[in-house]
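Undergrad: Okay, predicted coordinates and the sequence, questions at the end:
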Amino acid sequence: MKVLFLTGLGALFFAYYWDDNFDPASLQGARVLLTGATAGVGEELAYHYAHLGAHLVLTDHTEALLQKVLGNCRKLGAPKVFYIAADMASPEAPERVVRFALEMLGGLDYLVLNHIGATPAGMRARSAQGTRWLIQVNFLSYLQLTSLALPSLTDSKGALVVVSSLLGRVPASFSAPYSAAKFALDGFFGSLRRELDVQDVNVAITVCVLGLQDRASAAEEVRGVRRARAAPGPKAALAVIRGGATRASGVFYPWRFHLLCLLRGWVPRPRAWFIRQELNVTATSILAA
């Protein structure tokens, strides 16, 4: 019975991941607002979108890094690319960013929410001050950006792409405030998807569950106009872009995270071992940041 169950489950996963109707040409000229665009998966997202011919507005909190990424995006062929420096810890930043994007691009087809805030140095991981900061950056700013961009996305029948974490589906030790913010994202966007369906609003919402990525690969300079050899960051970014472009409800990278999320309440002991293996480095990184 177990063999039949696992075989059937494997067949379902194979069918799910084999079915790929992604058309790269669909992103030619697409208007994209991308947050957290200067490092890790966010930087790789910028380069993939640029190579595919999208019009971009990039935002993050460091202007010098934004200028570097903008230059690389131009080398990769982005027809239009702009940046605006903004710190999402400020409640005023989301309105300024969305207003700038609408002015520069004339509307939005994709809002890609990727910025992240770990516990600030010097703050205890479970302090009220640190948790408020995390909630503002990792949750409330996402809500603000979504609310402000939704009218334009409704007009264009566009898509919201939310880059989240396995810690937003499966809790792990030493990450309580961060995990709480990510769980809140999952609940909010899941509920919003239902509301848009009920209201017959044609805006897709794709929530992406990612693991810890190879940040070193994302920090490398683009060599000319060619992509460097594929690494976890670029592969994860491409998975996010495919999910958004095909209007999938969810993306899991690596794919085994989907299995873990499905089975998390069924097999607690193997699940606990798996979480320790996958998230130990993630939790340590969050606390050390």
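TA: Nice, thanks for sending it over. Numbering: from 1, shown residues only.

Undergrad: quick one: the strands in this structure?
TA: When secondary structure is read from DSSP state E, the chain shows strands at 31-35, 55-60, 81-85, 110-113, 159-165, 204-210, 250-253.

Undergrad: which residues does the residue nearest to L33 when sequence neighbours are not counted contact?
TA: Beyond its immediate neighbours in the sequence, the residue positioned closest to L33 (Cβ to Cβ, 6 or more residues apart in numbering) is A101, lying 4.3 Å away. Backbone N, C-alpha and C define where each C-beta goes, glycine included. Contact partners of A101, counting by Cβ atoms under 8 Å, 6 or more residues apart in numbering, are 31, 33, 57, 82, 84, 108, 149.

Undergrad: Show me the helices in the chain, by range?
TA: Taking DSSP state H, the helices of the chain run over residues 2-18, 40-51, 63-75, 93-105, 128-135, 141-156, 176-198, 215-219, 232-245, 256-263, 268-288.

Undergrad: Least reliable of those by average pLDDT, please.
TA: Per-segment confidence across the helices of the chain bottoms out at helix 215-219, which has a mean of 37 in mean pLDDT.

Undergrad: Minimum distance to V240: which of the strands of the chain has it?
TA: With respect to V240, and counting by Cβ to Cβ, the nearest of those is strand 204-210 at 4.9 Å.

Undergrad: Keeping just the C-alphas, turn the closest one into CSV.
TA: C-alpha atoms of strand 204-210 as CSV (Å, rounded to 0.1, in the frame of the first residue of the first chain):
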residue,chain,number,x,y,z
ALA,A,204,-3.1,36.4,-10.4
ILE,A,205,-1.3,35.8,-7.1
THR,A,206,1.7,33.5,-7.0
VAL,A,207,3.3,32.8,-3.6
CYS,A,208,6.8,31.4,-3.9
VAL,A,209,8.3,29.1,-1.2
LEU,A,210,12.1,29.3,-1.4
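
Undergrad: So which elements touch that strand?
TA: Using 3 or more Cβ pairs under 8 Å, 6 or more residues apart in numbering; DSSP states H and E as the contact definition, the elements that strand 204-210 packs against are strand 159-165, helix 176-198, helix 232-245, strand 250-253, helix 256-263.

Undergrad: Pick the most deeply packed of these.
TA: Among the helices and strands packed on strand 204-210, judged by mean count of other Cβ atoms under 10 Å, the one packed with the most neighbours on average is strand 159-165 (a mean of 26).

Undergrad: Hey, what's the angle from that one to helix 40-51? Just curious.
TA: Here strand 159-165 points in a direction 150 degrees away from that of helix 40-51 (axes from the mean of the first three to the mean of the last three Cα atoms, to 10 degrees).

Undergrad: could the strands of the chain go into a markdown table alongside distance to R74?
TA: A markdown table is the format used below for these (distance: least, Cβ to Cβ, whole Å):
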| stretch | distance to R74 |
| --- | --- |
| strand 31-35 | 15 |
| strand 55-60 | 10 |
| strand 81-85 | 6 |
| strand 110-113 | 19 |
| strand 159-165 | 23 |
| strand 204-210 | 26 |
| strand 250-253 | 27 |
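
Undergrad: Rebuild these as CSV, extending it with mean pLDDT.
TA: As requested, the strands of the chain are exported to CSV (pLDDT from 0 to 100):
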stretch, mean pLDDT
strand 31-35, 98
strand 55-60, 98
strand 81-85, 98
strand 110-113, 98
strand 159-165, 92
strand 204-210, 93
strand 250-253, 84
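
Undergrad: wait, which of these is closest to G243?
TA: For the strands of the chain, the distance to G243 is smallest for strand 250-253, at 3.6 Å, taking Cβ to Cβ.

Undergrad: Outside of that closest one itself, which residues are in contact with it?
TA: Judged by Cβ under 8 Å, 6+ apart, the contacts made with strand 250-253 from elsewhere in the structure are 206-211, 235-236, 239-240, 242-243, 258, 261.
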